[in-house]
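Got a predicted model here, sequence first, then my questions.
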Amino acid sequence: MPSLAAPMPPAKSFFRRFGRNRRGSAAVEFALVAPLFFALLFAIIETGIMFFASQVLETVTQESARQILTGQAQGANYQSWSNFRDNVVCPQIPALLTCANISVDVESYPAFSNVVLTNHVNNGNFDPSGLGYNPGGPGSTVVVQLFYQWPLIVTGLGYNISNLNGHQRLLIATAAFQNEPYQ
């Protein structure tokens, strides 16, 4: 009586059939490409959100600088940059940014040619010790800078645009203007 078991194919024909079979090739190709695709996708999304936050910071800077330009901030007699931040800047901040991460530097100069912008990054850390609040008087040249430490998430995937330690990017918005001749 013959055996009912199927004969075993030789090893060569088994590998030949395996190599010709295309049923799972799309899944294997996707598994090879998917990590790069998703890393690129998340990097694009994070960069877009960061640029949007930077634009929001620019808008808040312009609106806050207007308070100094027109003399309203000087009339309110804010004593420090944190006082100016809490009363003028923070009420304008949308949910995208956190008020606690914003630092403000307001400096007054006699003319635009005297303006010096200081680098507040020291050894990869933001150094707020040099920040001040001097809104000047009528006709003064004033520079208002807002700093925001933006946390980065996708840096672990090889896309690193941080300029601070701890996977953060310092966003800086600046407004330079001459105060109006207010009373």
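That came in fine, so what should we check first?

Give me the distance between the spatially most central residue of the chain and Asp86.
With distances taken as C-alpha atoms, centre = their mean, the residue of the chain nearest its centroid is Met50 (3.8 Å). Using C-beta to C-beta, to the nearest Å, one obtains 25 Å as the distance from Met50 to Asp86. Where C-beta positions appear, they are placed from N, C-alpha and C, glycine not excepted.

Select the longest helix from the protein.
helix 25-69 (DSSP state H).

Asn163 against Arg169, yeah?
Yes. With contact defined as C-beta atoms under 8 Å, Asn163 reaches Arg169; the gap is 5.5 Å.

which stretches of the chain form strands?
Counting by DSSP state E, one finds strands in the chain at the ranges 102-109, 121-122, 125-126, 141-151, 168-178.

burial measure for Gly75, as a count.
11 (other C-beta atoms under 10 Å).

ok so, going back, looking only at neighbour counts, state which of Asn163 and Arg169 leads.
Taking other C-beta under 10 Å, Asn163 and Arg169 do not tie; Arg169 has more neighbours (19 against 15).

Quickly list what the more buried one is bridged to.
Per DSSP bridges, residues listed as beta-bridge partners of Arg169: Trp150.

That one and Asp127, how far apart?
Where Asp127 is concerned, Arg169 sits at a distance of 16 Å (C-beta to C-beta).

do the same with Ile44
Look at Ile44 and Asp127: by C-beta to C-beta, they are 31 Å apart.

for Val104, same thing?
Separation of Val104 from Asp127 (C-beta to C-beta) stands at 14 Å.

more crowded one of these two?
Using other C-beta under 10 Å, the more surrounded residue of Val104 and Asp127 is Val104, with 24 against 13.

wait, what's in contact with the more buried one?
If a contact means C-beta atoms under 8 Å, 6 or more residues apart in numbering, then Val104 has Ser64, Trp81, Ser82, Phe84, Arg85, Val89, Leu131, Tyr133, Val144, Gln145, Leu146, Phe147 as its contacts.

What is the neighbour count of Leu32?
Neighbours of Leu32 (other C-beta under 10 Å): 9.

Start the count at 15 instead of 1 going forward.
With 15 as the first residue, the last one maps to Leu46.

pLDDT score for it?
At Leu46 the predicted local distance difference test score is 90.

how near is it to Ser39?
To Ser39, Leu46 is 11 Å away according to C-beta to C-beta.

go on, Val158?
59 Å.

which one of these two has more residues nearby?
Set side by side, Val158 and Ser39 show more neighbours around Val158, with 27 against 9, by other C-beta under 10 Å.
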